[in-house]
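Participant: give me coordinates for this.
(4 chains)
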4 protein chains.
Amino acid sequence: MSLKVTVVVGNPKAMSRTRKVAELLVEKLLEPGTYECEVIDLADHTDEIFAWPSEKVAALNAQVAESDLVVFASPTYKATYTGLLKAFLDRYPANGLAGVTAIPVHTGADFTHAMGPTFTLSPLLVELGAMVPGRGFYLALSQMDKLDEVVDAAASEYATNLSRLSNVAASVSQTTLAAQS
Amino acid sequence: MSLKVTVVVGNPKAMSRTRKVAELLVEKLLEPGTYECEVIDLADHTDEIFAWPSEKVAALNAQVAESDLVVFASPTYKATYTGLLKAFLDRYPANGLAGVTAIPVHTGADFTHAMGPTFTLSPLLVELGAMVPGRGFYLALSQMDKLDEVVDAAASEYATNLSRLSNVAASVSQTTLAAQS
Amino acid sequence: MSLKVTVVVGNPKAMSRTRKVAELLVEKLLEPGTYECEVIDLADHTDEIFAWPSEKVAALNAQVAESDLVVFASPTYKATYTGLLKAFLDRYPANGLAGVTAIPVHTGADFTHAMGPTFTLSPLLVELGAMVPGRGFYLALSQMDKLDEVVDAAASEYATNLSRLSNVAASVSQTTLAAQS
Amino acid sequence: MSLKVTVVVGNPKAMSRTRKVAELLVEKLLEPGTYECEVIDLADHTDEIFAWPSEKVAALNAQVAESDLVVFASPTYKATYTGLLKAFLDRYPANGLAGVTAIPVHTGADFTHAMGPTFTLSPLLVELGAMVPGRGFYLALSQMDKLDEVVDAAASEYATNLSRLSNVAASVSQTTLAAQS
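Facilitator: Below is the predicted model:
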């Protein structure tokens, strides 16, 4: 069965470089033909992000929560993720991203805020119940000319991490695992 | 092949409740017979934790870095992990826990510092290259009378998370994975 | 000259308890007659929070940046401040709150997220150039019946802190201080 | 009366550049003749940092807690403050730095971990009851050749911040302030 993948882009301007970086990461990380990927550019939905209820945003929330893998990508605003991305995540109940594997991505002007995805976005996603398989990925604009190489390295790290996590998964107590359901 | 598991306890006093909680979590999470677990009680090594070099501490560092799964357990000191645990982790070079699956555990008097393991210890372990399969585990002393139940729930959550991460791992690009080596 | 004070409320629903708590804190902290306080309930401005440019929101941003003291109050959403508050702060340039004394306030259901204002909202405000005179203030709903007493204690702590900071200010190098302008 | 100032250095190696940076910051920030400054190089006390009780370390803890202004300076280890500094701070009871004005300083190889003092050391000091008058100060080694200029700018920012905080302090409710005692 095909893996369900979503890219969520938190830039208030649509079609950003941040989106492109996130899409490239998915392409490099996963085996072609094994997954389907959709992109949610939150810039297209700012008019309803604070509407309550909103069928449209509720559908987007559901799509993300039902994904196997989600890349949450945001430009760096004030050292951390955007308010737009946070406003989207705020609509979930507690534990609303349970079972989702999430990769936090920040882009920024330079390396001053490189700690952002690991120290601010990652804990937020984890708080919502998601699993983050390693460091957050930070890309500085000065790296845009070697984008391919930088994303390759990140994809490779996540691939290795996921493979190592599988080894541990193989030893999990079946009784404990069964108890969850 | 047997999974290599280590429990690292950051309490400056040996044989703490924190250690007991961490050991119980391992027992409940993993299938008996599939792993070997050793415990490093850092309280036993405070005399050499700032010595440089130290064969003894270097051996402990290596043991942890070569583990498949490590539970890092600390009482809550000033809302976060102890200086003793940090001093042990400080001895690693950058990326020194690469490939290690790590579970952060904090114990505390009440729930005031419940954000600690997810928002402070987890980013630190991830910064060192480790993967954390979900939220950090926080146990308040008021929960000691239902310890079994609380640890069961945590173990069950990690088991489910690891199983979900395996699903994603199965779709990882083999080219990308191979490129790592 | 009168102190300029603003309360910024990040709750997407207007006239919240969070607002009330923040207003009470200002009343208790400051000497009557020495200040003027205005409240910005961001819930009233969600329609333009992502509009660019927006004269209305720009005016609000300016009002806050020109204040001597600002209480930033938010309910706890996903362990931290709301996306609405962040979206408002995102509109500032780097250092946009330079010179502002800021007090971070979070309200929440229980104490599980009590670390939020000190560990998440406070660094964000400081990143923007603001000064935070002590811990963030966290109020759990279970404390609503002794609201007066709890806010008294917080106000008293900020009052003492500000007084101590004044002592240090008195020894600041006049050469260094003059160099800023 | 003379301002009591202390520099606490968290580098496990004595007489570090980090210490020098912190001492320079004090010199530039304060008016000569208005203060007395002592330095605690924690590297000199690693043998007793985990001893309990320890008269020597207790005396150091008291000296810091009784200071008006303390600069806490640490090299960046794993993106944050050292375990040695944390171990020293762990010896305080809750609120052990109440009333202390604290300036967090990190030094690091490059700007990758520039968020450290503001996002990790500052909340820790604040949790202990200290007031931090603005951003943490981060110095990259690449800036060592213009050290004077960089520290000037930081000192100037703290001087301005403290002056602004005094303005707010002047409007504090005398009733509330008196209630503290």
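Participant: tell me how many other residues crowd residue A:14.
Facilitator: Using other Cβ atoms under 10 Å in any protein chain shown, residue A:14 has 12 other residues around it. Where you see a C-beta, it was placed from the backbone N, CA and C, and this is true even at glycine.
Participant: hmm, I was thinking of residue A:66
Facilitator: Using other Cβ under 10 Å, residue A:66 has 12 other residues around it.
Participant: so what's the gap between the lengthiest helix in chain A and the chain middle?
Facilitator: Counting residues, the longest helix found in chain A (DSSP state H) is helix A:147-169. Relative to its chain's centre, helix A:147-169 lies at 14 Å (Cα atoms, centre = their mean, to the nearest Å).
Participant: list the buried ones in that helix?
Facilitator: A:150-152, A:154-169 (16 or more other Cβ atoms under 10 Å in any protein chain shown).
Participant: tell me where chain A is predicted with low confidence.
Facilitator: Scanning chain A for pLDDT under 70 picks out the ranges A:180-181.
Participant: where do the strands sit along it?
Facilitator: Assigned by DSSP state E, chain A shows strands spanning A:3-9, A:35-41, A:69-75, A:101-108, A:137-140.
Participant: with mean neighbour count added, can I get these in JSON lines?
Facilitator: Shown next, in JSON lines, are the strands of chain A (neighbours: other Cβ atoms under 10 Å in any protein chain shown):
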{"stretch": "strand A:3-9", "mean neighbour count": "23"}
{"stretch": "strand A:35-41", "mean neighbour count": "16"}
{"stretch": "strand A:69-75", "mean neighbour count": "28"}
{"stretch": "strand A:101-108", "mean neighbour count": "26"}
{"stretch": "strand A:137-140", "mean neighbour count": "23"}
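Participant: of those, which approaches chain C most closely?
Facilitator: Chain C lies closest to strand A:69-75 among those, at 9.7 Å (Cβ to the nearest Cβ).
Participant: and the angle for the closest one with helix A:147-169?
Facilitator: Angle of strand A:69-75 versus helix A:147-169, following axes from the mean of the first three to the mean of the last three Cα atoms, to 10 degrees, is 140 degrees.
Participant: is chain D contacted by strand A:69-75?
Facilitator: No. Strand A:69-75 does not reach chain D (Cβ under 8 Å from any Cβ of the partner chain); its nearest approach is 15.4 Å.
Participant: tell me which other helices or strands that strand touches.
Facilitator: Under the contact definition 3 or more Cβ pairs under 8 Å, 6 or more residues apart in numbering or on different chains; DSSP states H and E, strand A:69-75 sits against strand A:3-9, helix A:17-29, strand A:101-108.
Participant: how about these in CSV, adding distance to residue B:81?
Facilitator: Shown next, in CSV, are the helices and strands packed on strand A:69-75 (distance: least, Cβ to Cβ, whole Å):
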stretch, distance to residue B:81
strand A:3-9, 31
helix A:17-29, 30
strand A:101-108, 22
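Participant: next, format those as a markdown table and append distance to chain B.
Facilitator: Formatted as a markdown table, the helices and strands packed on strand A:69-75 follow (distance: least, Cβ to the nearest Cβ, whole Å):
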| stretch | distance to chain B |
| --- | --- |
| strand A:3-9 | 4 |
| helix A:17-29 | 6 |
| strand A:101-108 | 5 |
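Participant: closest to chain D out of those?
Facilitator: Closest of these to chain D is strand A:101-108, at 10.9 Å (criterion: Cβ to the nearest Cβ).
Participant: contacting residues for the closest residue to chain D within chain A?
Facilitator: Nearest residue of chain A to chain D, counting by Cβ to the nearest Cβ: residue A:115, 4.2 Å away. Residue A:115 makes contact with D:79, D:112, D:113, D:114, D:115, D:116, D:119, according to Cβ atoms under 8 Å, 6 or more residues apart in numbering or on different chains.
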